[in-house]
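Student: My questions are about this predicted structure, shown below with the sequence.
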Amino acid sequence: KRHFVATVDNFDMLVHYPPLAADPRRKGTYAIAIVEKGKAAPSLFVTSDDGDHWATASLPAPEGVVKATRPAIAYSAKGDVIVLWRGERADRTFDEYIAASRDGKSFGPAVRVTSQSSHIPEAYLKDYSVRGDFLNDLVADANYAHASWTDWRQQQGEVRYARIPLSILLP
């Protein structure tokens, strides 16, 4: 079966995928995160009928963020949906943000995951692999979201990991 999900206005061409996650507790429930140009947080599309119908949920926009990119999505073992994304500011610094929802409709606040902002070195901004291929990843268990990402806080590419308690993310 194939299903239409959404028309995307100004699709971010550096995002090569819309990440998809399956709810382990609710049969036929899936979520897709989409990034549109000019938005500070991804849009979330959720279905509970195997893709026949999709509802949209808004994620909270972090203060000062002008562009969202590199979304990752996961469901916890309890059926909570979690979204991780890179939030860029006008000066091209960025941080990682995460938000969660028990029902896929109402999200708690965006929580900054990174302890220090990153800034991609100017020399690398023309390199497509830096602009387009460094992705975030996210998995979850019953109590924690486990996030990994790349950043440039030491002026070189680094892989980072964080374990975030779901108790601080859920409304």
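Tutor: Perfect, thanks for sending it.
Student: so where's the chain uncertain?
Tutor: Applying pLDDT under 70 to the chain picks out residues 9-16, 123-134, 171.
Student: Now the terminal residues of stretch 80-94, how far apart.
Tutor: The first and last residues of stretch 80-94 sit 26 Å apart, counting by Cα to Cα, to the nearest Å.
Student: Spatially nearest residue to Asp151 (excluding sequence neighbours)?
Tutor: In space, and not counting its chain neighbours, Asp151 is closest to Ser118: 3.9 Å by Cβ to Cβ, 6 or more residues apart in numbering. Glycine gets a C-beta too; all of them are placed from N, C-alpha and C.
Student: Ala61 contacts Phe107, doesn't it?
Tutor: No. With contacts counted by Cβ atoms under 8 Å, Ala61 stays clear of Phe107, the gap being 10.8 Å.
Student: And the helices in the chain, which stretches?
Tutor: 128 (DSSP state H).
Student: can you pull out the strands in it?
Tutor: 20-22, 30-34, 43-47, 55-58, 67-75, 81-88, 93-101, 111-112, 118-119, 137-140, 144-151, 158-165 (DSSP state E).
Student: Show me what the fifth one is packed up against.
Tutor: Think strand 67-75. Counting contacts by 3 or more Cβ pairs under 8 Å, 6 or more residues apart in numbering; DSSP states H and E, strand 67-75 packs against strand 20-22, strand 30-34, strand 81-88, strand 137-140, strand 144-151.
Student: List the buried residues of the shortest one.
Tutor: Of the residues in strand 20-22, those buried under the neighbour-count criterion (16 or more other Cβ atoms under 10 Å) are Ala21.
Student: what does that strand rub up against?
Tutor: Thr29, Tyr30, Ala31, Ile32, Ile73, Ala74, Tyr75, Val81 (Cβ atoms under 8 Å, 6 or more residues apart in numbering).
Student: ok, back up a step: got the helices and strands packed on strand 67-75 as TSV, with distance to Glu96 columns?
Tutor: Formatted as TSV, the helices and strands packed on strand 67-75 follow (distance: least, Cβ to Cβ, whole Å):
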stretch	distance to Glu96
strand 20-22	18
strand 30-34	14
strand 81-88	6
strand 137-140	10
strand 144-151	5
